[in-house]
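1. here are the coordinates; sequence isn't available:
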Ligand SMILES: Nc1nc2c(ncn2[C@@H]2O[C@H](COP(=O)(O)OP(=O)(O)OP(=O)(O)O)[C@@H](O)[C@H]2O)c(=O)[nH]1
């Protein structure tokens, strides 16, 4: 309970502080480049759900009194209180509903729906801020804190400011809060905001590049005082996308927060109010693109994982049957072009069933890994080892005559027979069948001949090598 009260108090104070900062950076009445409290409200509802309500309502009431103070005052306290409560609801309800929608979508998507998560986040940010700005303006007008016709020139910049506040800043607020709520990571749709171990120097260089380019664009605009110069800020999309493609979501959130904060402050410092709308759109569009950019590394990682799963045997990490066939085709074509012989070895662990029956299937699995490790240590890097199925494996040896393949099989047989099943005194052995690839034949024909030779080796008493007839 005490913890909830402390968290709510911190939320009230931070919200009011951010509101004050945004008010300092206003380029028109109720219009700033971005409105950070909107980002905080959205993040708070996403992380804390309805528990964030009291804190944001209180902050809404306090700031309504402050607005009256800033813009002339004169409204009686009772009326201000009603306006404050109404404003609180006008601000919180749209963001609460938006965060609830995103939250329920996230729980359904899991970590594979990052692109969909980001699309929903951007859509929800646009809709929630639209409603919050519209309702907020109406409340301000009915509370006589705004002129009736102000709806037309206040509502639009209010909306864009709120929307960019949510799009640009709520991820950094979610990141800050998720350190206190680690359970968040499960449903952030593959977005992890935890600090990753490792060298951050490349990120710092990228950050410096962003700051340098931003300063250049701002100085250029204040010197030239031309629209064309102001639009140069859109070039910042390149380094920011670079960050999102190559860095963690947390680093992307930090870069966007820093980029947008400096931009918002600079509009006041450099007197760039005339270009405020350019900066507002630049910040929002660049942030939205950077969030989509985050899907690239995630998709690439998924792609890599899937490729590995398809091309690798899950247990022994040797080539899967499908991958072996594909690679064998390429190696056979190369052999044919270079006019070099290729040979194939099929081998099978002897009495493998006994290992399973005596020591269990887990020990059986370990035995298969042990055998393939021994085989890999003997083979050349150009040889291709694949699992045919069960305890049967195949090796394609480029630039190898039948004679060379037999010698290799003999070395493998010796090495394997020296090994003992981990933690036991159980000795292994394998039987081998060897065949040479005939130019233009299908790999399955060679496999068939090597397999027949393997059967012969088994019939001869196992732990030996047989060559094709
Ligand atoms: N632990 C484990 N066992 C497997 C796996 N795949 C197949 N097996 C078992 O491996 C055994 C293969 O037995 P076989 O090759 O038919 O016979 P064997 O005992 O090796 O006898 P020989 O080949 O005649 O020497 C079967 O009992 C399968 O259930 C696996 O991935 N892990």
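-> Thanks, I have the structure now. Given the structure is predicted, the values throughout are model-derived calculations rather than measurements.

2. how about the helices in the stretch 51-200 of the chain?
-> Ranges of helices within the stretch 51-200 of the chain are 53-70, 77-109, 114-142, 150-164, 170-178, based on DSSP state H, counting those that start in this stretch.

3. Buried deepest among the ones you listed, which one?
-> Compared across the helices of the stretch 51-200 of the chain, helix 170-178 shows the largest average neighbour count, a mean of 23 (mean count of other CB atoms under 10 Å). Bear in mind the C-beta positions are built from the backbone N, C-alpha and C, glycine included.

4. can you give me the angle that helix makes with helix 114-142?
-> If you take axes from the mean of the first three to the mean of the last three CA atoms, to 10 degrees, helix 170-178 sits at 100 degrees to helix 114-142.

5. how many degrees apart are helix 170-178 and helix 77-109 in direction?
-> Using the same axes, to 10 degrees: helix 170-178 against helix 77-109 is 80 degrees.

6. Just checking the distance from the helix or strand following helix 170-178 to the centre of its chain.
-> Beyond helix 170-178 on the C-terminal side, the first helix or strand identified by DSSP states H and E is helix 201-224. Once both centres are worked out by CA atoms, centre = their mean, to the nearest Å, helix 201-224 turns out to sit 26 Å from its chain's centre.

7. go on, stretch 78-97?
-> 36 Å.

8. residues in contact with the residue nearest to residue 386 when sequence neighbours are not counted?
-> Using CB to CB, 6 or more residues apart in numbering and skipping residues adjacent in sequence, the residue nearest residue 386 is residue 324, 3.1 Å away. The contact partners of residue 324, by CB atoms under 8 Å, 6 or more residues apart in numbering, come to 384, 386, 394, 396.

9. What's opposite the first one in the beta bridge?
-> With DSSP bridges as the criterion, residue 384 is bridged to residue 396.

10. Could you verify my assumption that it touches residue 327?
-> Yes: taking CB atoms under 8 Å as the definition, residue 384 is a contact partner of residue 327 at 5.4 Å.

11. Can you give me the domain assignment for this protein?
-> Listed domain ranges for the chain are 1-192, 195-311, 312-467 (source: automatic domain parsing).

12. With mean pLDDT and distance to the ligand as new columns, can those domains be given to me in TSV?
-> Compiled in TSV, the domains of the chain are given as follows (pLDDT from 0 to 100; distance: least, CB to the nearest ligand atom, whole Å):
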stretch	mean pLDDT	distance to the ligand
domain 1-192	82	28
domain 195-311	89	16
domain 312-467	94	3
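
13. quick one on the thing from earlier: neighbour-wise, which of residue 384 and residue 327 wins?
-> residue 384 (19 against 16; other CB atoms under 10 Å).

14. Can you get me a residue count around residue 252?
-> 27.

15. Over to the one 4 residues further on?
-> Using other CB under 10 Å, residue 256 has 24 neighbouring residues.

16. My guess is it contacts residue 237. True?
-> No: using CB under 8 Å, residue 256 is not in contact with residue 237, being 11.3 Å away.

17. Pick out the residue nearest the middle of this structure.
-> For the chain, the residue nearest the mean C-alpha position is residue 298 (4.0 Å; CA atoms, centre = their mean).

18. quick one: contacts of the helix or strand harbouring that one?
-> Using DSSP H and E, residue 298 maps to helix 295-311. Outside helix 295-311, the residues that touch it by CB under 8 Å, 6+ apart are 112, 114, 115, 118, 190, 244, 245, 246, 319, 320, 322, 323.
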